[in-house]
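Undergrad: here is my input, please return the structure:
(one chain, ligands or ions: 2)
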Amino acid sequence: MTNRLIVITGATGTGKTTVSDYLKEKYKIVPVITHTTRPPRFNEENGVDYYFENDQSFEDNHYLERVKYSNYQYGSSYEGLRKAWKVNPIASIVLDTQGAITYAEKLTNEVEIWFLKVSDERVLRERLIHRGDKIESIDRRMQSSEYRRDLVLPEQLQQTAQVIPSESWSQTKKQVDLLVGKLQEQLV
Ligand SMILES: Nc1nc2c(ncn2[C@@H]2O[C@H](COP(=O)(O)OP(=O)(O)O)[C@@H](O)[C@H]2O)c(=O)[nH]1
Ligand SMILES: Nc1ncnc2c1ncn2[C@@H]1O[C@H](COP(=O)(O)OP(=O)(O)O)[C@@H](O)[C@H]1O
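TA: Ligands and ions are numbered 1, 2, ... in the order given. You can find the predicted model right below:
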């Protein structure tokens, strides 16, 4: 087995995208781009952050798994994963916890699950305001059952997931560097 997929999961605002960007910048670990019907945020780009779809075009793709999260559709494909693995034997993907469970079941030993954890929800709210999200969309998101579910590591992942405290970036970065180092050693 020569490939690995780092599945980055956790609630909104815990820093999943920040970790994914850091992996790309520092380790050339390529993110799998997923599809969504959510409208782009002001700084997001089609084909870079997501493939932005409408309800109809979303259905034209073949998904390894798909979920509904806070009223929008999200889905990821094997094709996206193969593309990322062509560039680097270690790839990453940002998923909700339901997607993380599916990947753990389907790809078993090829996945590493990283669960980002922030204990204080007020911190998450502040981060989303700082990120520039609109207050209405923050409220909608934080009231969704999916967001509430993703605050806690699901039972199915408790044996396998690495829990990464994400209260401060220096703490998160240290843990990420450690885990990537271990992964690289395993693949030598
Ligand atoms: N299962 C699954 N989850 C996805 C996919 N793409 C994105 N997500 C997750 O959907 C949730 C909402 O994503 P987004 O609207 O970008 O908000 P974010 O939480 O601020 O990143 C996050 O938990 C993402 O990790 C996908 O293809 N499959
Ligand atoms: N470990 C961290 N410590 C402090 N702030 C962080 C950390 N990770 C991310 N942030 C900030 O929090 C906000 C949300 O991060 P983001 O990566 O978009 O979260 P997610 O993808 O999980 O929704 C961003 O403004 C980001 O700069």
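
Undergrad: okay, CA-based contacts and neighbour counts for the rest of this
TA: Will do.

Undergrad: now do the longest helix anywhere in the chain: distance to the chain's middle.
TA: Identified as the longest helix of the chain according to DSSP state H is helix 169-187. The chain centroid and the centroid of helix 169-187 are separated by 16 Å, computed with CA atoms, centre = their mean, to the nearest Å.

Undergrad: could you give the secondary structure assignment for Trp114?
TA: On the three-state scheme (DSSP: H, G, I helix; E, B strand; the rest coil), Trp114 is labelled strand.

Undergrad: again with Val7
TA: Secondary structure assignment for Val7 (three-state DSSP): strand.

Undergrad: which ones are touching it?
TA: Neighbour list for Val7: 92-95, 100, 111-114 [criterion: CA atoms under 8 Å, 6 or more residues apart in numbering].

Undergrad: so how far is Ile135 from it?
TA: 28 Å (CA to CA, to the nearest Å).

Undergrad: a helix runs through Ser92, doesn't it?
TA: No. If the criterion is three-state DSSP, then Ser92 is strand and not within a helix.

Undergrad: surely it and Val32 touch.
TA: Yes. Applying CA atoms under 8 Å as the test, Ser92 and Val32 come out as touching, 6.1 Å apart.

Undergrad: returning to what we had before: pull out the buried members of the contacts of Val7.
TA: The neighbour count (16 or more other CA atoms under 10 Å) marks 92-95, 100, 111-114 as buried among the contacts of Val7.

Undergrad: understood, closing this out.
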